[in-house]
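> here is a sequence together with a model predicted from it:
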Amino acid sequence: MPKPTMRTLALTTSLLALVGTASAQPQGKVGQYSDVTIQGTILEPEKLTVPGDAELQNMLKAPDGFQVTVFARDLVNPRMLAVGPKDRLYATRRTVGDVILVEDGDGDGEADTTRTVASRDGMHGIAFDGNQVFLVTVNDVYVADVEDDGSFSPLRRIINDLPDAGQHPNRTIAIGPDDMLYISVGSTCNACAESNPENATMLRAKKDGSSRTILAKGLRNTIGFDWQPGTGDLYGIDHGIDWLGDEAQIEEVNLIEKGKDYGWPYIYGMGEINPQDNPPEGVSLEQLARETEKPLAGYTPHSAPMQMAFYKGAAFPEEYRGDAFIAMRGSWNRRPPSGYEVARVRFENDRPVAVEPFVTGFLNEGENGFGYLGRLAGLTVAPDGSMFVSDDSNGVIYRIAYTGDQAAAQEAQPVPNSFPEPTPSELANAILEPSQSEALEVTASFPRDEAIPVTFAADGDNASPAVEWSDAPDGAKSFVLLAEDPDAAQPKPFVHWIVYDIPADVTKLREGMPTDVVIPDMPDVKQGTNSRGSTGYFGPKPPVGDPAHHYHFQVFALSVPSLELDPGAKRDAVIEAMKGKVVAQGEIVGTFARD
């Protein structure tokens, strides 16, 4: 085997932000007006040749009783793995742009046939649902039927407008216990304010591609995610920010819940403030640190977590069942390198308590530096309880099997549905009765009870319409605007716009308002979180073929100057804060349908 060589470069970066205040930190001032010196490393180990199984056993390290063998070689670029009908193994190949079926026809533990079953540029995520397969590229989601011979029927595109790619183009997809599609969309950058609210998120949609919403945000690049057996909780492993130093940022194990913000790009790790990026106007970093979710566990920075799967098989010893396993691709931004291994997330009492190495030895240090046998990408559990792991650099799929004495057959635990359908609720104006009989006259950029122009729809410019209302009645000190669709399937009603703390002397919102949580030229006005999961206005986008939906733009005059809610508040919090304070209300209704 050749001696490994490497390329290495140490960089020192001084970050100076320009607004706000900060608290002192050991390494300098961190926050608004940051002044921090950070030393970073570029270290790229050299790729080594994968040896035969005999030599490989001496190089790779696994717990006692486990054996790692090569299942398939010369696959070029196998990335995400999934087991389909009839226990067949499939792999996507991003650089080749296809999906391959990898079969072991004679059952000797080594693949003997490989064939392409689908092709699209940038093919990456794959998930099976009975005899259907879902595939995702950068912008598109496809569905196909799985034929008896394992091939796929012609692909049918169900989504064509996922955000454009940048630094993290590799989308992944899965079917949740609620029978919905889950799509991970990474950030376009290392750390920045995204212009598209669907970047750095986990999306959720129906299996026909409709009703897409943001389940959770602030997730820099959560390629690996899965549902915990027994509880149905959704966990994901998020890539940490680069260029914060060799020992920062940890790779985050997050419990991903609807409507939560996981901090990126402003807050990382266990509540640390990113010194590079300043928050949206009107929001402090300290506030974001309080409001965003912290990970439940973390792992060595820069390990580059990829596909993740809970072990739901029966072949591993009891102590491993219900734990999660992650393919760690390996670092380029740390000295010494991290990752290049399979890691285990150990659970106790249904919560992660530790992340620890499971299979190591893919990274080696020689006289001339570091070299690697594999950069791991895909991971899935086979029906026989073994585990497949792909290496997209050397083109190998490994099989990890337990051959010790403790293996015992046991039924895998089912994953219950932990996402019940939301209970329908009334429109806001039916919940909030005014304390006096005065009504507000509301007008907008569309005629009352007529079609809303496509300019204001999500498929058009997604610009908010101008909305105007009559002067504040006596005793009114502020206004709130809520735009809701009661005809949506879920949530019901679907909230398209929340604006609150509008001063009493303001009786119009112009067309094309920004989506910032605090409006730059109206610093007292705040915008809430809509049902899509973003802030500000989101235009009508009913399912294609639905009858026209009705969009209620409701304006409320309140007896208080402020709801005393943070920017980005959700509907329930806004309505609760408004109760007993409404002195007048009015609305205008428009309709919209998609052909």
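In hand now; what should we look at? Numbers count the residues shown, from 1 in each chain.
> my guess is D242 contacts H168. True?
No. Assessed by CB atoms under 8 Å, D242 is found out of contact with H168, at 11.4 Å. (Glycine included, C-beta is placed from N, CA and C.)
> for the stretch 51-200 of the chain, give me the ranges with low pLDDT.
Counting by pLDDT under 70, the stretch 51-200 of the chain contains no low-confidence segment.
> surely I100 meets A91?
Yes. Assessed by CB under 8 Å, I100 is found in contact with A91 at 5.4 Å.
> which residues are common contacts for these two?
Residues within reach of I100 and of A91 at once, by CB atoms under 8 Å, 6 or more residues apart in numbering, are 75, 78.
> in terms of helices and strands, where is I575?
helix 571-578 (DSSP states H and E).
> mind listing what's buried in that helix?
Neighbour counts over helix 571-578 (16 or more other CB atoms under 10 Å) mark 571, 573-575, 577-578 as buried.
> dump these into a markdown table; add pLDDT and distance to L509 as well.
Listed next are those as a markdown table, based on pLDDT from 0 to 100; distance: CB to CB, whole Å:
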| residue | pLDDT | distance to L509 |
| --- | --- | --- |
| R571 | 96 | 18 |
| A573 | 96 | 21 |
| V574 | 97 | 16 |
| I575 | 97 | 19 |
| A577 | 97 | 20 |
| M578 | 97 | 18 |
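> please save the CA atoms from the helix holding I575 in PDB.
Taking C-alpha atoms only, helix 571-578 is exported to PDB below (Å, rounded to 0.1, in the frame of the first residue of the first chain):
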ATOM      1  CA  ARG A 571     -51.000  32.200  15.200                       C
ATOM      2  CA  ASP A 572     -52.000  30.600  18.500                       C
ATOM      3  CA  ALA A 573     -49.800  33.000  20.500                       C
ATOM      4  CA  VAL A 574     -51.100  36.000  18.600                       C
ATOM      5  CA  ILE A 575     -54.800  35.100  19.000                       C
ATOM      6  CA  GLU A 576     -54.300  34.300  22.700                       C
ATOM      7  CA  ALA A 577     -52.600  37.700  23.200                       C
ATOM      8  CA  MET A 578     -55.500  39.500  21.300                       C
END
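> rounded mean pLDDT for whichever helix or strand comes after that helix, please.
Sequence-wise, the next helix or strand downstream of helix 571-578 (DSSP H and E) is strand 582-592. Averaging pLDDT along strand 582-592 yields 96.
> per-residue pLDDT of R448, please?
In this model, R448 is scored at 96, pLDDT.
> residues in contact with it?
588-590.
> any idea how far it is from L75?
Note on R448: its distance to L75, by CB to CB, to the nearest Å, is 61 Å.
> equivalent analysis for L285, please.
Going from L285 to L75 by CB to CB gives 45 Å.
> before we move on, back to that, please identify which of I100 and A91 sits among more neighbours.
A91 (26 against 21; other CB atoms under 10 Å).
> with adjacent residues omitted, what lies nearest to the more buried one?
Nearest residue to A91, sequence neighbours excluded (CB to CB, 6 or more residues apart in numbering): P78, at 4.0 Å.
> and the one you found, what are its bridge partners?
R93 (DSSP bridges).
> which stretch of helix or strand covers G371?
Using DSSP H and E, the secondary-structure element containing G371 is strand 369-372.
> coming back round to it: ok, residues contacting the helix holding I575?
Applying CB under 8 Å, 6+ apart, the contact partners of helix 571-578 are 428, 431-432, 480, 482, 495, 498, 500, 528, 531, 556, 558, 563-565, 569.
> ok, now stretch 455-463?
In contact with stretch 455-463 (CB under 8 Å, 6+ apart) are residues 445-446, 453-454, 464-465, 511-512, 537-541, 592, 594.
> return the distance of the longest strand belonging to the chain from the chain's centre.
Longest strand in the chain by number of residues (criterion: DSSP state E): strand 35-47. Mean-position distance between strand 35-47 and its chain equals 26 Å (CA atoms, centre = their mean, to the nearest Å).
> next one: stretch 155-166
Taking CA atoms, centre = their mean, the mean C-alpha location of stretch 155-166 is offset from the chain mean by 15 Å.
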